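curious how this folds, go ahead:
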Amino acid sequence: MDNLANQLESILFLKGESVSMKWLAETVGKNEEEIKVSLDILSKNLENRGIRLIRNGDGIALATAPESAEIVRKIVESEINSDLSKASLETLSIIIYKGMASRAEVDYIRGVNSSFILRNLLVRGLVERQAERGEDRNYVYKPSLSLLENLGIKSLEELPDFSSVSEKLEEFLKTDTVKIDGNIAGIDIKQ
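Residues are numbered from 1 along each chain as shown. Next comes the predicted model:
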């Protein structure tokens, strides 16, 4: 497999969500035709493996292979039926008290990659994902109406210490020397 195909596989794995051809090209500094050729190579190399390259319009992502559907379904069902983990509660708290947070912000606050946790919260219907901006396909996560209903509140402001915790989170993200910008690593050091 060529080096660019390897890089694209790593990027798609890290992102854990759909990205555009344009975004990939800009990220690796190649033209879209080179990206397309390397994606074709990657797709061919993944044919007999547990992961597949999927494309939907301009969206590109990695996904589990269809022949793994039954085991994946069982795992997802067990996740839904189990209690929330400490990491899930931590991630959910960040989203609740920020009101809306990008994956990069959640990752930075927690200090670890939160893709799997965010997916789990989405599957459970506790958070909703919406596009933040049009072209670069960044998403933000916000508490779902179902979550508010389950918590027995009409708005986030009814949560204990909502104002002070929200302010502290915003202050933490603003005053630190790291800027969240949604790039490939999610963190960009200020110059």
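
just give the nearest non-adjacent residue to Arg129, would you?
Tyr139 (4.8 Å; C-beta to C-beta, 6 or more residues apart in numbering). Placement of C-beta: from N, CA and C, glycine included.

ok, so what distance separates that neighbour from Gly59?
12 Å (C-beta to C-beta, to the nearest Å).

residues near Glu157, how many?
Using other C-beta atoms under 10 Å, Glu157 has 10 other residues around it.

make that Ser78, sorry
9.

just confirm it is within a strand.
No: going by DSSP: H, G, I helix; E, B strand; the rest coil, the assignment for Ser78 is helix, not a strand.

ok, it to Asn45 distance?
Counting by C-beta to C-beta - Ser78 and Asn45 are separated by 31 Å.

swap in Ile71?
Distance from Ile71 to Asn45, by C-beta to C-beta: 22 Å.

again with Pro143
Distance, Pro143 to Asn45, using C-beta to C-beta: 39 Å.

show me where this protein has its helices.
Secondary structure of the chain by DSSP state H: the helices cover 3-15, 21-28, 32-45, 69-81, 86-98, 103-110, 115-123, 145-151, 162-175.

now the angle from the second one to helix 3-15?
Computed with axes from the mean of the first three to the mean of the last three C-alpha atoms, to 10 degrees, the direction of helix 21-28 lies at 110 degrees from that of helix 3-15.

quick one on the thing from earlier: neighbours of the residue nearest to Arg129, how many?
16.

same question, Ser10
Quick note: Ser10 (other C-beta under 10 Å) scores 11 neighbours.

contacting residues around the residue nearest to Arg129?
Tyr139 sits next to 17, 102-103, 129-132 when contact means C-beta atoms under 8 Å, 6 or more residues apart in numbering.

alright, calling it a day.
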